[in-house]
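Peer 1: Build me a model:
(chains A and B)
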Amino acid sequence: METFNHILNGFAVSTMPINLWYTFLGVFLGTIIGVLPGIGPSAGIALLIPVTFGMNPTSALIMMCGIYYGTKYGGSTTAILIRTPGEAASVMTSIDGYEMAKKGRAGAALAVSAIGSFIAGTLGVIGLTVFAVPLSSMALKFGPAEYFTLMLFAMTAVSTLTGKSAAKGLLATILGLMIATIGIDLQSGQARFTMGVAEFQDGVGFVVVVVGLFAVAEVFRGLEDIYKGTGAATMKITGKLWLTKEEWTRSIGPIWRGGVIGFIIGVLPGAGGTIASIMSYTTEKRLSKNPAEFGHGAIEGVAGPESANNSDTAGAMVPLLTLGIPGGGATAVLMGAFIMYGIQPGPLLFQNRPDLVWGLINSMYIGNVMLLILNLPLIGIFVQLLKIPSGILYPLIIAISVIGAYAINGSMTDLYLILLFGVVGYVFDKIDIPVAPLVLSLVLGGMMEQSFRQAMTISGASPKIFFGSAITITLVVMSVISILLPFILPMLKKYKEDGKDE
Amino acid sequence: MTDRIIFVGILVLAGIYFWATSQIPTLEIGDPLGPKAFPRLLGVGLLIAAAMLLAEMIKESKAPKEQPGEETAATEPQDTSSYKIVAGAVVVTGTYFALFEPLGYAVSTSLFLLVMTSYFHKGKTWTNVLTSLLYGFLSYYAFTKLLGVNLPSGILPF
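Peer 2: Have a look, this model is predicted:
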């Protein structure tokens, strides 16, 4: 009953005019960021943190979450009209969406993405509302050992599931943790790994790392593409922005299935929106009576993946809000934003600040309605953004990044760091080292070390505490499995195939 | 080949990190672990990553070559001119940062945009000049005067 009151009260918070305005601003900026290639939700949120300092945290977080789920709506527009995913998770949409546009069905493709995103996005928020309370009350019983092993599992899962090589994923994770150890150690007051740079005593700010890895590096990649002269022709919106009856009946199944797949993938650590949309795409192709049409403009190939990557965002909010542990890159940046506002997401937040949590969750229902309006009747406005020549857009993104990085401390070190991390991000992309695990472990690193040391203090420096409860044992076993999985799977496959031969 | 370089890189990094960890001064009071324990664990983590990478490299070299044509393509000299473009962009950005405080935000940003757009958006001189100046000065005004963000004024009196 108390929870029910909290939820109702949350609606009062999220419908306050100021919060409606920030919800709108968030989803509006999110759509723009989604439409523009070269800048995604992680960089967008990180760049806004310094500008929103001093704002009421509830409103600021409502806006940042709006950016997070808003980008998924905008990303599909670019995917359909120029075959470039405006946002990584729209990559599947760019296959059949662009083919539909070539056949003069761009309007239908845009409509089905917006409607599918809306239905699945709302479905995801309902799931978030339902699962939040039981999960957060379970997490209240977690001690430092449980938290340490939970973070260990989140990081190992992200290491092996993002990118092509588990070893490189793990390398990225450890690098993030190493960057997190730079600065004054909170317990002993010792400076660590500052390399004589005074600014490093406060640690390397995660905003600079994110802006470097996600915005600056993306600009370098984009400039390279301009030089090479790659890129597909921009399609015009053709046909009515609505679906025919036949298209509607074909889409409704994929939307529901995509919504469920996306939510489940979102809750689990590691996989994220891109994998959710790929899974939805392959599911629809397998279920289809006409799988040959996929890749040549099948509406199911747009409806399913777009729905999946939207409910994925709501699913990804579940572990972030209830456990305080993000399961991927973009939610890690959101967590960094929470912390910079002095708010620790996690089970205690539901007890101490129900107004903030439920105000935020309920704003997502409203935000999805706003996004439907922005991305269907008003889509024409955002399509204009695609006319900005990329030769101007990319240099502008660097100039915007400069303001974001400099505004935090007014420090030149931060500017040189975004350039350094920009180069690192560009090189890592070339040699297949994923950057999402690095950001996740950078944000969690401080907490992970603290819970490790607290647990060891409780146990009198005996590592047995990490095998002390059913929860920790399960999490440790799952972590080990996720590290070994890439090695075990091919062996199992081979074993099976050998069995078949005989 | 790249993987071999990464493998050596990880080992070198692990060595440096172990050494740097040993340099952290410690006062053992109340905290059974001290500031060194977690970094040591990370050093071990790096070695695990190196071992996994080695395993992946061995697995790959044992795997049958899929297409002989692919290997010859890989040994051909790659087009490195696009890397030069990126290196150029890095140098221009670095110069922009070096001039950021001396010249001020508005002037250095306008200059940076002008240089970048005149290369990457060739031929549209007027558009480029206008965009660069407008963005540099308008964003300076908007962020410092309206949003209260501190940006260096440099050679400008305001």
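Peer 1: after whichever helix or strand A:V133 is part of comes which helix or strand?
Peer 2: Following DSSP states H and E, the helix or strand that holds A:V133 is helix A:106-139. Going down the chain from helix A:106-139, the next helix or strand is helix A:144-161, by DSSP H and E.
Peer 1: Show me the helices in chain B, by range?
Peer 2: B:2-22, B:37-62, B:68-75, B:81-103, B:105-120, B:125-141 (DSSP state H).
Peer 1: Including mean pLDDT, could the ones you listed go into JSON lines?
Peer 2: Below are these laid out as JSON lines (pLDDT from 0 to 100):
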{"stretch": "helix B:2-22", "mean pLDDT": "92"}
{"stretch": "helix B:37-62", "mean pLDDT": "90"}
{"stretch": "helix B:68-75", "mean pLDDT": "45"}
{"stretch": "helix B:81-103", "mean pLDDT": "93"}
{"stretch": "helix B:105-120", "mean pLDDT": "95"}
{"stretch": "helix B:125-141", "mean pLDDT": "93"}
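Peer 1: residues from the stretch 351-500 of chain A in reach of chain B?
Peer 2: A:389-392, A:394-396, A:398-399, A:402-403, A:406-407, A:410, A:412, A:415-416, A:419, A:422-423, A:426, A:431, A:433, A:449, A:452-453, A:456-457, A:460-461, A:483, A:487, A:490 (C-beta under 8 Å from any C-beta of the partner chain). Bear in mind the C-beta positions are built from the backbone N, C-alpha and C, glycine included.
Peer 1: And the buried ones among these, selectable in PyMOL?
Peer 2: A single PyMOL command selects the buried members of those (16 or more other C-beta atoms under 10 Å in any protein chain shown):
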select buried, chain A and resi 390+391+392+394+395+396+398+399+402+403+406+407+412+415+416+419+422+423+426+433+449+452+453+456+457+483
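Peer 1: I figured A:L213 hits A:P434, correct?
Peer 2: No: contact criterion C-beta atoms under 8 Å: A:L213 and A:P434 do not qualify, at 10.3 Å.
Peer 1: which residue ends up closest to the midpoint of chain A in space?
Peer 2: The residue lying closest to the centre of chain A (C-alpha atoms, centre = their mean) is A:A330, at 3.3 Å.
Peer 1: which of the helices of chain B sits most buried?
Peer 2: helix B:105-120 (a mean of 22; mean count of other C-beta atoms under 10 Å in any protein chain shown).
Peer 1: which secondary structure elements does it contact?
Peer 2: helix A:217-228, helix A:390-409, helix B:81-103, helix B:125-141 (3 or more C-beta pairs under 8 Å, 6 or more residues apart in numbering or on different chains; DSSP states H and E).
Peer 1: Figure out the helix or strand that the residue nearest to the centre of chain A lives in.
Peer 2: Following DSSP H and E, one finds A:A330 within helix A:329-340.
Peer 1: Name the nearest residue to the residue positioned nearest the centre of chain B, ignoring sequence neighbours.
Peer 2: Per C-alpha atoms, centre = their mean, the C-alpha nearest to the average position across chain B is that of B:V90, at 9.2 Å. Leaving aside its sequence neighbours, B:V90 sits nearest to A:V423 (C-beta to C-beta, 6 or more residues apart in numbering or on different chains; 6.0 Å).
Peer 1: Run through the residues that contact that neighbour.
Peer 2: A:217, A:220, B:90 (C-beta atoms under 8 Å, 6 or more residues apart in numbering or on different chains).
Peer 1: Does B:A14 touch B:G43 like I think?
Peer 2: Yes: counting by C-beta under 8 Å, B:A14 touches B:G43, with 5.4 Å between them.
Peer 1: How many neighbouring residues does B:P157 have?
Peer 2: The number of residues packed around B:P157, counting by other C-beta atoms under 10 Å in any protein chain shown, is 5.
Peer 1: Read off the pLDDT value for it.
Peer 2: pLDDT for B:P157: 77.
Peer 1: hang on, the earlier thing: got the buried residues for the helix holding A:V133?
Peer 2: A:106-125, A:127-129, A:131-133, A:135-136, A:139.
Peer 1: one step back: make TSV out of the helices and strands packed on helix B:105-120 and add distance to A:D312.
Peer 2: Shown next, in TSV, are the helices and strands packed on helix B:105-120 (distance: least, C-beta to C-beta, whole Å):
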stretch	distance to A:D312
helix A:217-228	21
helix A:390-409	25
helix B:81-103	32
helix B:125-141	34
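Peer 1: out of those, which comes closest to A:C65?
Peer 2: helix A:390-409 (18.4 Å; C-beta to C-beta).
Peer 1: tell me which strands and helices that closest one is in contact with?
Peer 2: Helix A:390-409 packs on helix A:41-51, helix A:206-210, helix A:217-228, helix A:412-430, helix B:81-103, helix B:105-120, helix B:125-141, going by 3+ C-beta pairs under 8 Å, 6+ apart.
Peer 1: for the ones you listed, which one sits closest to B:L156?
Peer 2: Here helix B:105-120 is closest among the helices and strands packed on helix A:390-409 (C-beta to C-beta), at 6.1 Å.
Peer 1: how far out from the middle of the chain is that closest one?
Peer 2: Distance, stretch centre to chain centre, for helix B:105-120: 20 Å (C-alpha atoms, centre = their mean, to the nearest Å).
Peer 1: Tell me what angle it forms with helix B:125-141.
Peer 2: 150 degrees (axes from the mean of the first three to the mean of the last three C-alpha atoms, to 10 degrees).
Peer 1: quick one: the strands in chain A?
Peer 2: Ranges of strands in chain A, per DSSP state E, are A:183-184, A:191-192.
Peer 1: How far does the last one sit from its chain's centre?
Peer 2: Which is strand A:191-192. With C-alpha atoms, centre = their mean, you get 31 Å for strand A:191-192.
Peer 1: any idea how far chain A is from B:M1?
Peer 2: From B:M1 over to chain A the distance is 10 Å, taken as C-beta to the nearest C-beta, to the nearest Å.
Peer 1: Could you check how many residues crowd around that residue?
Peer 2: If we define neighbours as other C-beta under 10 Å, then B:M1 has 6 of them.
Peer 1: and the gap between it and A:K164?
Peer 2: If you measure B:M1 against A:K164 using C-beta to C-beta, to the nearest Å, the figure is 16 Å.
Peer 1: same question for stretch A:33-45, mean pLDDT?
Peer 2: 87.
Peer 1: That one and chain B, any residue contact?
Peer 2: No: against chain B, stretch A:33-45 shows no contacts by C-beta under 8 Å from any C-beta, the least distance being 12.3 Å.
Peer 1: That stretch: which residues count as buried?
Peer 2: A:33-45.
Peer 1: Need the max-distance pair from these.
Peer 2: A:P37 and A:I45 (17.3 Å).
Peer 1: thought A:T84 was touching A:S94?
Peer 2: Yes: the pair A:T84 / A:S94 is scored as a contact, 6.7 Å apart, by C-beta under 8 Å.
Peer 1: Once you drop chain neighbours, what's closest to B:V129?
Peer 2: B:L114 (6.6 Å).
Peer 1: pretty sure that neighbour is touching B:W126, no?
Peer 2: No: the criterion here is C-beta under 8 Å, and B:L114 misses it with B:W126 at 11.8 Å.
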